[in-house]
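J.: quick one, fold the following:
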Amino acid sequence: MKEEEMIFTHQQKELIRRLQGDLPLTSTPFMDIGREVGLSEEEVILLIKKWEESGIIRRFGAAIRHQNAGMTSNVMIVWRVPREKTKEAGKIMASFQEVSHCYERPILPKWPYNLYTMVHGKSIDDCDRIAAGISSKTGIGDYQLLFSTKEYKKSSMEYFVE
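T.: Numbering: from 1, shown residues only. Okay, the predicted model is just below:
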């Protein structure tokens, strides 16, 4: 990337500062943010797209606070899945609405699990039921539930802070 492409106007810096925080919980969050920084909704969206395409923004997504949404039981389910079934099982697991994350990790000498799903439920029993449903649908019976005991602060890098 050329040096001149990395120069931001004051207004663009303000937009970046605003996008780093929570989006307004409205039907027009980009319009609302645009008003705050002096841009139209279209200009905000175009800048976000431009920054994503150029790699300035690597990821733009939601961080859900499950506790605030009533999902007070959270469990990482670790699965031992045969290599030849990993892709298929992962797709099925990820299709469950209660699964927020599904990813593969290498098997280690003292840790035989290779697929991980983060599941959010309203109770421990709810999480147990969800795990049983995933197991039934995938045919994978070798798994463990690792319940969360504390929710840590979710935060991202911040730029142009003062």
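
J.: ignoring the adjacent residues along the chain, who's closest to Glu158?
T.: Leaving aside its sequence neighbours, Glu158 sits nearest to Gln20 (Cβ to Cβ, 6 or more residues apart in numbering; 5.1 Å). All C-beta atoms are positioned from the backbone trio N, CA, C, and that covers glycine.

J.: and what of Pro24?
T.: Pro24 sits nearest to Asp32 (Cβ to Cβ, 6+ apart), 4.5 Å away.

J.: hmm, the one you found is touching Thr26, no?
T.: Yes: if you go by Cβ atoms under 8 Å, Asp32 and Thr26 touch, sitting 5.7 Å apart.

J.: all helices for this protein, in order.
T.: Ranges of helices in the chain, per DSSP state H, are 10-19, 29-37, 41-54, 86-94, 124-138.

J.: helices and strands around the fourth one, which ones?
T.: The criterion is 3 or more Cβ pairs under 8 Å, 6 or more residues apart in numbering; DSSP states H and E, and the helices and strands that helix 86-94 contacts are strand 99-104, strand 115-121, helix 124-138.

J.: pipe the helices of the chain into TSV and attach mean neighbour count, distance to Met76 and mean pLDDT per row.
T.: Output for these, formatted as TSV (neighbours: other Cβ atoms under 10 Å; distance: least, Cβ to Cβ, whole Å; pLDDT from 0 to 100):
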stretch	mean neighbour count	distance to Met76	mean pLDDT
helix 10-19	16	29	92
helix 29-37	17	30	95
helix 41-54	14	29	94
helix 86-94	16	12	97
helix 124-138	16	10	96
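
J.: between the helices and strands packed on helix 86-94, which gets nearest to Ser54?
T.: Closest of these to Ser54 is strand 99-104, at 26.7 Å (criterion: Cβ to Cβ).

J.: let's test this: mean pLDDT of the closest one, rounded?
T.: Summarised as a single mean, pLDDT over strand 99-104 is 93.

J.: show me what it is packed up against.
T.: helix 86-94, strand 115-121.

J.: any idea which of these gets closest to Lys13?
T.: strand 115-121 (33.9 Å).

J.: adjacent strands (with direction) for that closest one?
T.: Strand 115-121 sits in its sheet next to strand 73-79 (antiparallel), strand 99-104 (antiparallel), going by DSSP bridges.

J.: next, the angle helix 124-138 makes with that strand.
T.: 140 degrees (axes from the mean of the first three to the mean of the last three Cα atoms, to 10 degrees).

J.: kindly calculate the angle that strand 115-121 makes with helix 86-94.
T.: Angle of strand 115-121 versus helix 86-94, following the same axes, to 10 degrees, is 10 degrees.
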